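1. here's a sequence, model it:
(3 chains)
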Amino acid sequence: MELEPAMSPDPANTGWGPTVWTFLSKVGSDSPLVQCITNFVTMDLVANTLLAAGASPAMLHSLEEIPDFTPQANALCINVGTLSPDWIPSMNAAAELASKLGKPWVLDPVAAGASGFRMKACLELVGLKPSVIRGNGSEIIALSKASVGNTKGVDSSHESMDAVEAAKSLAHTSGCIVAVSGAVDIITDGEQVIGVYNGVSMLQKITGTGCSVTALIAAFVAVDPSHALEATASALSVFGIAAEKGMDLAKGPASLRMHLIDSLYGLDQDAVQTCVNISSL
Amino acid sequence: MELEPAMSPDPANTGWGPTVWTFLSKVGSDSPLVQCITNFVTMDLVANTLLAAGASPAMLHSLEEIPDFTPQANALCINVGTLSPDWIPSMNAAAELASKLGKPWVLDPVAAGASGFRMKACLELVGLKPSVIRGNGSEIIALSKASVGNTKGVDSSHESMDAVEAAKSLAHTSGCIVAVSGAVDIITDGEQVIGVYNGVSMLQKITGTGCSVTALIAAFVAVDPSHALEATASALSVFGIAAEKGMDLAKGPASLRMHLIDSLYGLDQDAVQTCVNISSL
Amino acid sequence: MELEPAMSPDPANTGWGPTVWTFLSKVGSDSPLVQCITNFVTMDLVANTLLAAGASPAMLHSLEEIPDFTPQANALCINVGTLSPDWIPSMNAAAELASKLGKPWVLDPVAAGASGFRMKACLELVGLKPSVIRGNGSEIIALSKASVGNTKGVDSSHESMDAVEAAKSLAHTSGCIVAVSGAVDIITDGEQVIGVYNGVSMLQKITGTGCSVTALIAAFVAVDPSHALEATASALSVFGIAAEKGMDLAKGPASLRMHLIDSLYGLDQDAVQTCVNISSL
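-> Alright, predicted model coming up:
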């Protein structure tokens, strides 16, 4: 049942350690304000993930507040998990304003292929120029093809390696960084493809780990918006390392969830640099 | 403070072990997709409960998505915990569609007696032919009498044994399986009455354990819709066993919540068959 | 990073032990029904906090239910964390009805200064005569000045000691008890100022601890509405003590969150009376 990464380059050789640590430590020192317009299921875990990493979460989604608040935020995270029509204007307004102000924003197209309604909303958001789109294989494939159906809720029924072509295609057409979570996380700008080998398979048994890593990407991009590819890979690696360390203590998905957040809070330079496992594909 | 079950038949004699294990293992192998239209408070625990048991949760509640998505689901769970008028059309539409497509659906009439508004919505849902209704004693009594008031929020102020008659009456009039959670869980089709003796009293101190077991019932019914009575008893037993095992490690309600989910994830055939405690009443 | 309280009077000398214990034990024996109209992020933790303390939470927010349900509640807690326009009529109606019926109600003006929309809603609620307002320093300062902007989401960028004057001013103009959470919690009726020295700084790294202590204040005021100042100080002390005890076992914010709730559930007279750390300022 535990699908461990198919290949595992030697962490010592990847050379990403200092980059990843620089991002994490900058999140801790800058404490970027991340506005999240996100789903009801995982708001709590998302907020706690951001807090544990040193960022400052703000779960504000009312259309009325966007003109006052979004300009104060350092990044925006939009997640369509429990989408309803009344939230779409806020999502679009916040995304537009962030883009206009040159602020990074990140899209999590949860279950993009679950309905035509959801796909339409996601495609509209993709058109508003997110810095990064992160999903699982099914979501990125559905989004890249704008196809509905044949999804299994928010679970991924496609291994992330199969989604590389879809991710590259979506990155090309959208101009975004695209990340695909899976046994190996894939990050691409349409040309370059990076693999992140950190993480554990039990994350799939905890709701909201995808949403949380998307918000973490927003925090990482916030502190260095001109390096969104590196920020995205670094956030995925950090979250994966926290999961690996949490897994040492976990007895199941609920204790993993707890230990993951504790580990994320406690990560130091040595732990990060020793464990980073990223390489070009 | 700990109200342990009033009577406790010998697990070895109940003969339910293989049935319960068959349901749980089938949930693990089929991974049924369970659409949940549920309350804001407990979405997270409900989703994690389904994941731990091997099912695939999907928290989708928009009216716009139901025609596309509900046909893909293997079961539907409707929970009125944080009911508001704008959610009622979705609940009704999803319930109607599920019934029309022959898919099982399960109703959790949270705090049914708290207001006339809530009672009306619950009665309307009962009319849409759920496979199973699960509540606490107060909720089932209120629903069976269509009476409002004298409720204490979502807590039960009636012991489940007192609710047997109400459950039988509701099962008769609705044609559903009715389950009443309590010190002993009661399940009835209006004729047969089954008692589940698994569980611990501290579950009452954790919000969302009722909601979670309702969703688990939906997953169990999904894998064998023609045996809803057995599926319901099995789900209640499995959740109770996970709580019992969690209780061995728990130091209070928050750690019980964590250990319960870990235990549910780790339950094996031996653990289930040894601990199942179900008997006819 | 850990900002421990600036000063720490000797617990043995404060004389508050019996008062605090009386409140907590009365919550346990009366199990007051606390209606919460609160935010999506922290409903789960708020409900579990109330349950652990022995109160009975009810997360009901529909306008349609207020006439039937609010009269049954012993106290009301309104929290504007994820405010949207459609929730404001419910908040106002419940607050008005509670005031009219002489029931205590407590306001948590989360991120009051984040937008003009939010500030307007908060000021309107303040006009509906809450018994207690609890926020962090930034929130209370913003509310006392009715000023928007320069906030950092829901985090406090003002130490609570700086907020004493703002709290006194708000207490004067509103006629409420005002509490400011921080390294030292401040409670004032506009004249008397009390400091609560219990708590740990890591609480700031857990979303919803502020919301939870506000709900706990509602439960404490519910059991003795004529002593709202003492109830508020007692609730803040109890929550802080639970955090201190939780901190002995915690390895980070997620395990602290768990141990805090377990500790709150398990607090006995000796633990409370030994640890209470309250004094006049």
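2. just the element for residue A:29, please.
-> Taking DSSP states H and E as the definition, one finds residue A:29 inside helix A:17-30.
3. tell me the pLDDT of residue A:1.
-> Listed pLDDT for residue A:1 reads 32.
4. buried residues in the helix or strand containing residue A:122?
-> Secondary structure from DSSP H and E places residue A:122 in helix A:116-126. Residues of helix A:116-126 classed as buried: A:116-119, A:121-122, A:125-126 (neighbour count, 16 or more other CB atoms under 10 Å in any protein chain shown). All C-beta atoms are positioned from the backbone trio N, CA, C, and that covers glycine.
5. what about the most centrally placed residue in chain A, distance to residue B:226?
-> For chain A, the residue nearest the mean C-alpha position is residue A:214 (2.1 Å; CA atoms, centre = their mean). Distance, residue A:214 to residue B:226, by CB to CB, to the nearest Å: 41 Å.
6. then residue A:200?
-> 38 Å.
7. again, but for residue A:215
-> In terms of CB to CB, residue A:215 sits 43 Å off from residue B:226.
8. and what of residue A:69?
-> Counting by CB to CB, the gap from residue A:69 to residue B:226 is 53 Å.
9. so these two - more neighbours on which side?
-> The neighbour count for residue A:69 versus residue B:226, taken as other CB atoms under 10 Å in any protein chain shown, is higher for residue A:69 (26 against 8).
10. now the element after the helix holding residue A:122, going C-ward?
-> For helix A:116-126, the following helix or strand on the C-terminal side (DSSP H and E) is strand A:132-136.
11. tell me the confidence at whichever residue of the stretch 151-281 of chain A sits closest to chain B?
-> Of all residues in the stretch 151-281 of chain A, residue A:252 sits closest to chain B, at 2.8 Å by CB to the nearest CB. For residue A:252, the pLDDT comes out at 98.
12. and residue A:27, what does it touch?
-> Residues in contact with residue A:27, defined by CB atoms under 8 Å, 6 or more residues apart in numbering or on different chains, are A:53-55, A:219-220, A:222-223.
13. please redo it, this time with the cut-off set to 10 Å
-> Contacts for residue A:27 (CB atoms under 10 Å, 6 or more residues apart in numbering or on different chains) come out as A:34, A:50, A:53-56, A:216, A:219-220, A:222-224, A:231, A:234-235, A:238.
14. what pLDDT is listed against the residue nearest to residue A:174 when sequence neighbours are not counted?
-> Spatial nearest neighbour of residue A:174, chain neighbours left out: residue A:126 (5.1 Å); criterion: CB to CB, 6 or more residues apart in numbering or on different chains. Per-residue pLDDT puts residue A:126 at 97.
15. ok, residue A:126 - contacts?
-> In this structure, residue A:126 makes contact with A:95, A:107, A:109, A:112, A:133, A:143-144, A:146, A:170, A:173-176, A:178, judged by CB under 10 Å, 6+ apart.
16. same deal with residue A:198?
-> A:5, A:8, A:11, A:20, A:184-185, A:233, A:236-244, A:275-278.
17. element containing residue A:270, please.
-> Using DSSP H and E, residue A:270 falls in helix A:269-275.
18. tell me the mean pLDDT over that helix?
-> The pLDDT scores in helix A:269-275 average 95.
19. buried ones in it, by neighbour count?
-> By neighbour count on 16+ other CB under 10 Å, the buried set for helix A:269-275 is A:271-273, A:275.
20. ditto for stretch A:191-199
-> A:193-199.
21. how far does it sit from the chain's center?
-> 13 Å (CA atoms, centre = their mean, to the nearest Å).
22. quote the end-to-end distance of that stretch.
-> 24 Å (CA to CA, to the nearest Å).
23. kindly report the same for stretch A:110-118.
-> Stretch A:110-118: ends 9 Å apart by CA to CA.
24. returning to what we had before: ok, the closest residue to the residue nearest to the centre of chain A other than its chain neighbours - how many residues close by?
-> Nearest non-adjacent residue to residue A:214, counting by CB to CB, 6+ apart: residue A:108, 4.0 Å away. By the measure other CB under 10 Å, the count of residues near residue A:108 is 33.
25. any idea how far residue A:108 lies from chain C?
-> Taking CB to the nearest CB, to the nearest Å as the measure, residue A:108 falls 17 Å from chain C.
26. list the contacts for the residue of chain A positioned farthest from its centre?
-> Within chain A, residue A:64 marks the point farthest from the mean C-alpha position, 26.4 Å out by CA atoms, centre = their mean. Going by CB under 10 Å, 6+ apart, residue A:64 touches A:90, A:93, C:83-85, C:115-118, C:120-121.
27. filter those residues by proximity to chain B?
-> Near chain B, judged by CB under 10 Å from any CB of the partner chain, there are no entries from these.
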